[in-house]
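Participant: pasted the sequence and its predicted model underneath.
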Amino acid sequence: MSESSARGILTIDLGAVAANWQALARRTAPSACGAVVKADAYGLGVARVAPALFAAGCRTYFVASVEEGVELRGILGPDPAILVLNSPEPVRDARAHDLIPVLNSPAQIDTWIAAGRAAGAVLPAAVHVDTGMNRLGLSAHETAEFAVDRARRDGVDVVLVMSHLACAEDPAHPMNRHQLTDFLRRIAALPAAPASLANSAGILLGQPYHFQLSRPGIALYGGQVSSDPTLAMAEVVHLQGKIVQVRRVDTPESVGYGAAFHVSGPSRIATVAVGYADGYPRSAGAQGSDLARGSVIVSGMRVPIVGRVSMDLITIDVTAVPESAAHSGALVSLIGGGMALDEVASAAGTISYEILTSLGPRYERRYLEG
């Protein structure tokens, strides 16, 4: 898509992705540091992000599905370990592309053992134990059964035991210590293997949570998992939209659907060609009141979103911006460039993960190499 026809420009800094991974890898050393690249590398393009991580030194990757694993194997070749978080189905594709399933239930364990028997081999897999999420993974009872069932234990080459933290973003939450204690108890009963507990925020909980492998995700892509400025991640995403029209609006006129926003005085309102169909959340605009929620940056100045975000358009108040800077064709920073990713998410009542993975295909994507 050419710049002239694109609704906006999405710039992705691959050097920043690599720098974020290296910063986390230094923090977890001597333990290994992997990377979660599921959902097309959180919406930023796994075909470009994964090679940047590989060049930075990453050799272990986590994806959500076999299909994602097959794609990643084609991108990175035979060298790295690729683990599939959700399910080993289809088994044939997993084996053909040297993918390591994360086994979450006794049924999945039995399926993988059967595949190994058919192949005349004991196949490698990770075992996921649930320490409090109540989502995926072996329960305490199922873990104990697996630990004493010799046929099952011998039927899987356990290369990793893992669990997932529920509240790592809150370092003081008692759930963190509870899960750590439970995880230590579980791995003591299972076959000796490397262990993994820490996600992005879990890494910052300290060395007891690192074990042999950590698996950061959102922090790689610029999500801030700590309020400590010394632990800030480099900005990865800069989303810019284009102003398509600027108009003068006099009080007491309204702006946008539902007349949800009323100008308080003579104003200049700019319309930007980005909306919720592009992944910019509707909830960032006014919702049944005159209060603006989100903001954007125009020529270095922060201005409010006014009215409701619609499918293809956002309206912003540029009254305070010089007309020479706020005009048709001018670029507006929606994420990055002074608008922190997590701030945008907070204003929309969501999280940075949802913002990134929702960014649509109508932008011109530009990749900055490290």
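Facilitator: All right, it came through fine. Numbering: from 1, shown residues only.

Participant: let me see the domain layout of the chain.
Facilitator: According to automatic domain parsing, the chain comprises the domains 14-225, 237-339.

Participant: endpoints of the shortest one, how far apart?
Facilitator: In this case it means domain 237-339. Terminal residues of domain 237-339 are spaced 10 Å apart (C-alpha to C-alpha, to the nearest Å).

Participant: one step back: save the domains of the chain as CSV, and put in mean pLDDT and distance to L368 too.
Facilitator: C-betas here are computed from N, CA, C, even on glycine. Below are those laid out as CSV (pLDDT from 0 to 100; distance: least, C-beta to C-beta, whole Å):
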stretch, mean pLDDT, distance to L368
domain 14-225, 95, 6
domain 237-339, 92, 9
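
Participant: mean neighbour count and distance to R365 for these - can I get that in a markdown table?
Facilitator: A markdown table is the format used below for the domains of the chain (neighbours: other C-beta atoms under 10 Å; distance: least, C-beta to C-beta, whole Å):
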| stretch | mean neighbour count | distance to R365 |
| --- | --- | --- |
| domain 14-225 | 19 | 7 |
| domain 237-339 | 19 | 10 |
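
Participant: and those as CSV, adding distance to L356?
Facilitator: Converted to CSV, those look like this (distance: least, C-beta to C-beta, whole Å):
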stretch, distance to L356
domain 14-225, 5
domain 237-339, 7
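
Participant: looking at those domains, which is closest to E364?
Facilitator: domain 237-339 (9.5 Å; C-beta to C-beta).

Participant: which SSE is immediately downstream of the lengthiest strand in the chain?
Facilitator: In the chain, taking DSSP state E as the definition, the longest strand is strand 237-249. As assigned by DSSP states H and E, the chain's next helix or strand after strand 237-249 is strand 254-255.

Participant: list of residues touching that following strand?
Facilitator: V249, A260, F261, H262, V263, I269, V306, G307, T315 (C-beta atoms under 8 Å, 6 or more residues apart in numbering).

Participant: partner strands of it and their direction?
Facilitator: Taking DSSP bridges as the criterion, strand 254-255 forms sheet pairs with strand 261-262 (antiparallel).

Participant: ok, which stretches of the stretch 1-150 of the chain are helices?
Facilitator: 14-28, 38-42, 46-56, 66-76, 91-96, 106-119, 140-148, 150-155 (DSSP state H, counting those that start in this stretch).

Participant: of all those, which one comes closest to M233?
Facilitator: So among the helices of the stretch 1-150 of the chain, helix 14-28 is nearest, using C-beta to C-beta, at 4.9 Å.

Participant: on contacts alone, who are the packing partners of that closest one?
Facilitator: Counting contacts by 3 or more C-beta pairs under 8 Å, 6 or more residues apart in numbering; DSSP states H and E, helix 14-28 packs against strand 32-33, helix 46-56, helix 200-203, strand 363-368.

Participant: quickly run through the sheet partners of the shortest one, with directions.
Facilitator: Just to be clear, that refers to strand 32-33. strand 213-214 (parallel).

Participant: can you pull out the residues in contact with the strand it pairs with?
Facilitator: 24, 28, 31-34, 60, 160, 194-199, 202-203.

Participant: go again using 10 Å as the cut-off
Facilitator: 24-25, 27-28, 31-35, 60, 62, 81, 83, 126, 160, 162, 194-200, 202-203 (C-beta atoms under 10 Å, 6 or more residues apart in numbering).

Participant: distance of T230 from G15?
Facilitator: 20 Å (C-beta to C-beta, to the nearest Å).

Participant: next: S200.
Facilitator: For S200 relative to G15 (C-beta to C-beta), the value is 19 Å.

Participant: same check, this time on A270
Facilitator: Taking C-beta to C-beta, one finds A270 at 32 Å from G15.

Participant: what is the burial count for the spatially closest residue to L341 that is not a sequence neighbour?
Facilitator: Nearest non-adjacent residue to L341, counting by C-beta to C-beta, 6 or more residues apart in numbering: S352, 4.9 Å away. Neighbourhood size, S352 [other C-beta atoms under 10 Å]: 24.

Participant: who's in contact with S352?
Facilitator: With C-beta under 10 Å, 6+ apart, S352 has these contacts: 42, 218-219, 221-225, 237, 335, 340-346.

Participant: how near is it to N199?
Facilitator: 13 Å.

Participant: tell me, what's touching the two both at once?
Facilitator: I218, A219, V225.

Participant: so which of these are in strands?
Facilitator: Using DSSP E, none of these sit in strands.

Participant: is it correct that N104 is in contact with T111?
Facilitator: No. Counting by C-beta atoms under 10 Å, N104 does not reach T111; the two are 11.1 Å apart.

Participant: got the end-to-end distance for stretch 223-231?
Facilitator: Using C-alpha to C-alpha, the two ends of stretch 223-231 sit 11 Å apart.

Participant: still on that earlier bit, to L359, which of the domains of the chain lies closest?
Facilitator: domain 237-339 (4.1 Å).

Participant: and that closest one, how far from the chain's centre?
Facilitator: 26 Å (C-alpha atoms, centre = their mean, to the nearest Å).

Participant: ok, the nearest residue to G370 once chain neighbours are set aside - contacts?
Facilitator: In this structure, G370 finds its nearest non-sequential neighbour in G15, 2.9 Å apart by C-beta to C-beta, 6+ apart. Contacts for G15 (C-beta under 10 Å, 6+ apart) come out as A52, A56, A234, V236, Y367, L368, E369, G370.
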